[in-house]
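Undergrad: need a 3D model of the following:
(one chain, ligands or ions: 1)
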Amino acid sequence: TAKYAVFGNPIAQSKSPFIHGDFAKQTGQDISYQAIFAEVDAFPEALAEFWQQGGVGANVTAPFKQQAFELSDELSELAKLSGAVNTLIRLDNGRVRGDNTDGVGLVTDLEAHFGELNGRSVLLVGAGGAARGCIKPLLDAGAQIVICNRTHAKAQSLAELFADYGEVKAVAIDDLADNAGYDIVINSTSAGLAGGLIALPSSIIGKQTHCYDMTYSAEQTVFNQWAQQAGAKKVADGLGMLVGQAAQSFYLWRAVKPDVSVTMAKLRELLS
Ligand code: ATR
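TA: The predicted structure follows:
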């Protein structure tokens with residue numbers, strides 16, 4: 001039995017053991033997958049212990065993704081650009097490779113809900129770690145990105161960081177109303193979680209606009225409620241992104257692709 005785990009703090013709420021358990025059942029892979037709580041200042045020790053006990057791969061969630069990046073012996077290009085690692089792979093030579101599958105999870109879910117991204121305009125709201133991890137995969141899929149953020153300087157530095165990879169620029173929130181009617185608007189801020197909401201002009205939502213919230217909940221998320229009231233054509237929450245990033249991790253570890261829609265249906269059921 002190959003041993004996997006997810007590290008976080010908190011971790012009790014994590015759906016990853018369920019998701020990977022379901023993937024393993026679907027594909028007949030002999031793995032175990034546990035959730036491991038690490039103290040905020042003791043992630044390196046917890047991880048080292050896991051490798052010592054024979055672990056061969058791990059997921060990493062908040063607040064340890066940057067530390068996982070630093071602890072990796074080698075990094076995928078995407079992990080380097082993201083500055084964060086959510087997937088660790090123990091290589092045969094004992095070295096640990098860090099990757100980031102969040103962006104791939106987002107892109108596959110966006111395409112599943114809204115169709116191809118090639119040539120579509122995307123407004124990415126937020127410029128934190130979650131936004132950064134998704135920019136390169138969105139550009140690779142052919143999207144044109146505008147980033148806006150409460151702290152405009154952070155949106156600007158992200159746009160500069162990814163300038164070589166495609167069409168990406170920063171727009172101040174106050175100037176958003178001038179660029180009405182994006183194809184897709186993505187919320188990557190943690191604002192919706194707190195119940196508060198970043199003040200966006202409803203003119204960014206046109207009749208053709210699809211909205212995506214990277215967070216998810218049993219009820220409609222705050223951002224998606226707002227988007228629907230503003231007239232969005234379709235909205236989706238981040239449950240599919242969660243399952244999608246897990247599927248990409250599973251693929252990196254096991255070289256087989258599970259059917260995400262099967263797992264997602266079960267997970268949605270569990271949530272309600
Ligand atoms: P994550 O890894 O989830 O992206 P993060 O790196 O802390 O977390 O980034 C949080 C994002 O949510 C940032 O874009 C942040 O805006 P600032 O850069 O201006 O801080 C945004 N955010 C958090 N709370 C917010 C709020 N109440 N209103 C608007 N934006 C908020």
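
Undergrad: element containing Met264, please.
TA: Per DSSP states H and E, Met264 falls inside helix 260-271.

Undergrad: can I see the domain layout of the protein?
TA: Domains of the chain are assigned by automatic domain parsing as 2-100+240-271, 103-237.

Undergrad: and the gap between the residue of the chain found nearest the ligand and Ile135?
TA: The ligand sits closest to Gly128 of the chain, with a gap of 1.9 Å, by Cβ to the nearest ligand atom. Where C-beta positions appear, they are placed from N, C-alpha and C, glycine not excepted. According to Cβ to Cβ, to the nearest Å, Gly128 and Ile135 sit 12 Å apart.

Undergrad: who's more crowded, the two?
TA: Ile135 (26 against 14; other Cβ atoms under 10 Å).

Undergrad: per-residue pLDDT, the more buried one?
TA: Model confidence at Ile135, given as pLDDT, is 98.

Undergrad: how about the residues of the stretch 101-250 of the chain by the ligand?
TA: Contacts of the stretch 101-250 of the chain with the ligand, taken as Cβ under 6 Å from any ligand atom, map to 126-131, 149-151, 154, 188-191, 196, 198.

Undergrad: buried among those residues? Make that a PyMOL selection.
TA: Burial among these is assessed by 16 or more other Cβ atoms under 10 Å; the matching PyMOL selection reads:
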select buried, resi 126+127+129+130+131+149+154+188+189+191+198
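
Undergrad: lowest pLDDT pick from the residues of the stretch 101-250 of the chain next to the ligand?
TA: Among these, Gly196 has the lowest pLDDT, at 57.

Undergrad: would you single out the least confident of the domains of the chain?
TA: Taking the average pLDDT of each of the domains of the chain, the minimum falls on domain 103-237, with a mean of 92.

Undergrad: how distant is that one from the center of its chain?
TA: Chain-centre distance of domain 103-237: 13 Å, with Cα atoms, centre = their mean, to the nearest Å.

Undergrad: please apply the same query to stretch 20-37.
TA: Mean-position distance between stretch 20-37 and its chain equals 20 Å (Cα atoms, centre = their mean).
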